[in-house]
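Chemist: Need coordinates for the following:
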Amino acid sequence: MLGERPNVLWICTDQQRFDTIGALGNQHVSTPNVDRLVEEGVAFTHAYSQCPICTPSRASFLTGMYPSAVHVNGNGNSHFTGRWPLVTKTLADAGYDCGLIGKLHLASAYRRIEPRADDGYRYWQYSHAPRDDWPQGHDYADWVRSKGAVLGELTKDRDGVPAEFHQTTWCAEKTIEFIGQEREGPWLASVNIYDPHPPFNPPKEYRDMFDPEEMPGALWQESDLEQQRILGVTDFQSVGQHPDDLDIRSPIIPVSPGVAEEDIPGHRDAKTLQAAYYAMIKLIDDQVGRMLEALEATGQRERTVVIFTSDHGETLGDHGLIQKGCRFYDGLVRVPLIFSCPGKFERGLRSDALVELTDKTPTLLELAGLPIPKTMQGRSLLPILTGQTDPSRFRDFVRSEYYDALDSSFCRAQDGTYATMFRDQRHKLVVYHGHQVNELYDLENDPNEFNNLWNDPGHQPLKLDLMQRSFDESILAHDWGPERIGPM
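Modeler: Numbering: from 1, shown residues only. Have a look, this model is predicted:
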């Protein structure tokens, strides 16, 4: 607890990798405002998503439980189960004024506004994606129209949607509006920016800031082609290719409605994609700066916890892959996680401890002085944030799951894969259940995950130990139903 219950500005991008922050070592990006959060707060450098796909990840970190425990294992669902409460609902019931800006994605948003859960949001400004394919209720598209433009026409422009009409800009506008509203008591703004999600189409003025020739390029070895051929029986949105020949076109989804497949720029090298990706992150950072300025202008910065994170990452050419699916490379499951609250949290602390996105919900509950249910797999990060415990150690392991998370029509392979990742301080184990292709990496000697040790004779005892631990934790992570209250 921090005494007075703080406000919370919770910024969550979509598909942003862990290695995209200037202050955390990337010299090719431009993130001065997020860098400021790093310098003023606590950055967790080894934060892992519990699923490399949107809906399961979001359901997980909004409940503090694993996707399988809340029975939200994939995208495209008819509705959110609601068996376990969202943290925003719990906080709203405790007196917080909660606002949603942008994406929610707890259920399918395919050509419709997704049905709302019992989410606790009083303020509601919805935009699943920068597309205008909903007949009504798309607040972002309405905002674009109010400015005299048509979103459907803007998205067809190869130069990208101009920054003034961009969904990222709209998210900032609505967040600033929410921050400035009069109220009694604390508030929480859940800001869900769609970028840097594909189709990698930043505004031209931002794209021009990043020269592809100056980009670092993808993590790649020739052996990746064979490795991805072997893993090609499992779900993924692309097939393994040389980083010079990546295809940014989804097998099903066009860049925007009304654009023919042949008109979509197809093969792009990894450095060109990287430049576009960093350009989208630059626009995000600029808008984060506007939100922080609004906090300061209204005198609320000192009593507001700012969280910057993402739901999962992006392969971005690593190992010859683009987009997402059933893989657990760090670029896909390791994400930014930064907490900042000047004067209350540690300043300039980089924690290398293993943490999960499930840990956000119990942290928020403890900040609000609320109990943490025993059913949660998440654990409060507040002891690290406030300097009460060793920041180098938190969890012995982290987990991630993929349980048939994408509709087969969105994958190159149509397998309906089930897989789990178990990562401890040194090793990462990935099991594709029902297949004879699995992965084991020594992250101390092979941090870029090139050398699969699964079949290496010298690593069989280690493999069996990790498999046992992973199996145990998979069983313990289940939802076991109502609380036991008697002997019979």
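
Chemist: Show me which positions of stretch 88-103 end up buried.
Modeler: When burial is assessed from 16 or more other C-beta atoms under 10 Å, stretch 88-103 yields the following buried residues: 88-92, 96-103. C-betas here are computed from N, CA, C, even on glycine.

Chemist: would JSON lines of these with secondary structure be doable?
Modeler: Written out in JSON lines, the entries for those read as follows (DSSP: H, G, I helix; E, B strand; the rest coil):
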{"residue": "Thr88", "secondary structure": "helix"}
{"residue": "Lys89", "secondary structure": "helix"}
{"residue": "Thr90", "secondary structure": "helix"}
{"residue": "Leu91", "secondary structure": "helix"}
{"residue": "Ala92", "secondary structure": "helix"}
{"residue": "Tyr96", "secondary structure": "coil"}
{"residue": "Asp97", "secondary structure": "strand"}
{"residue": "Cys98", "secondary structure": "strand"}
{"residue": "Gly99", "secondary structure": "strand"}
{"residue": "Leu100", "secondary structure": "strand"}
{"residue": "Ile101", "secondary structure": "strand"}
{"residue": "Gly102", "secondary structure": "strand"}
{"residue": "Lys103", "secondary structure": "coil"}
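
Chemist: Include distance to Asn455 and pLDDT when you put those into JSON lines, please.
Modeler: Converted to JSON lines, the buried residues of stretch 88-103 look like this (distance: C-beta to C-beta, whole Å; pLDDT from 0 to 100):
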{"residue": "Thr88", "distance to Asn455": "46", "pLDDT": "98"}
{"residue": "Lys89", "distance to Asn455": "47", "pLDDT": "98"}
{"residue": "Thr90", "distance to Asn455": "46", "pLDDT": "98"}
{"residue": "Leu91", "distance to Asn455": "48", "pLDDT": "98"}
{"residue": "Ala92", "distance to Asn455": "51", "pLDDT": "98"}
{"residue": "Tyr96", "distance to Asn455": "52", "pLDDT": "98"}
{"residue": "Asp97", "distance to Asn455": "55", "pLDDT": "98"}
{"residue": "Cys98", "distance to Asn455": "50", "pLDDT": "98"}
{"residue": "Gly99", "distance to Asn455": "51", "pLDDT": "98"}
{"residue": "Leu100", "distance to Asn455": "47", "pLDDT": "98"}
{"residue": "Ile101", "distance to Asn455": "48", "pLDDT": "98"}
{"residue": "Gly102", "distance to Asn455": "44", "pLDDT": "97"}
{"residue": "Lys103", "distance to Asn455": "41", "pLDDT": "95"}
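
Chemist: Including distance to Gly137, could these go into CSV?
Modeler: Output for the buried residues of stretch 88-103, formatted as CSV (distance: C-beta to C-beta, whole Å):
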residue, distance to Gly137
Thr88, 19
Lys89, 21
Thr90, 26
Leu91, 24
Ala92, 21
Tyr96, 24
Asp97, 22
Cys98, 19
Gly99, 17
Leu100, 13
Ile101, 15
Gly102, 14
Lys103, 14
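
Chemist: For the stretch 201-350 of the chain, which segments count as strands?
Modeler: Remark: strands of the stretch 201-350 of the chain, listed N- to C-terminal, are 246-247, 267-268, 304-310, 334-335, 337-340, 349-356; assignment by DSSP state E, counting those that start in this stretch.

Chemist: Kindly present those as a markdown table, with separate columns for mean pLDDT and mean neighbour count.
Modeler: As requested, the strands of the stretch 201-350 of the chain are arranged in a markdown table below (pLDDT from 0 to 100; neighbours: other C-beta atoms under 10 Å):
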| stretch | mean pLDDT | mean neighbour count |
| --- | --- | --- |
| strand 246-247 | 78 | 21 |
| strand 267-268 | 68 | 17 |
| strand 304-310 | 98 | 24 |
| strand 334-335 | 98 | 25 |
| strand 337-340 | 98 | 26 |
| strand 349-356 | 98 | 19 |
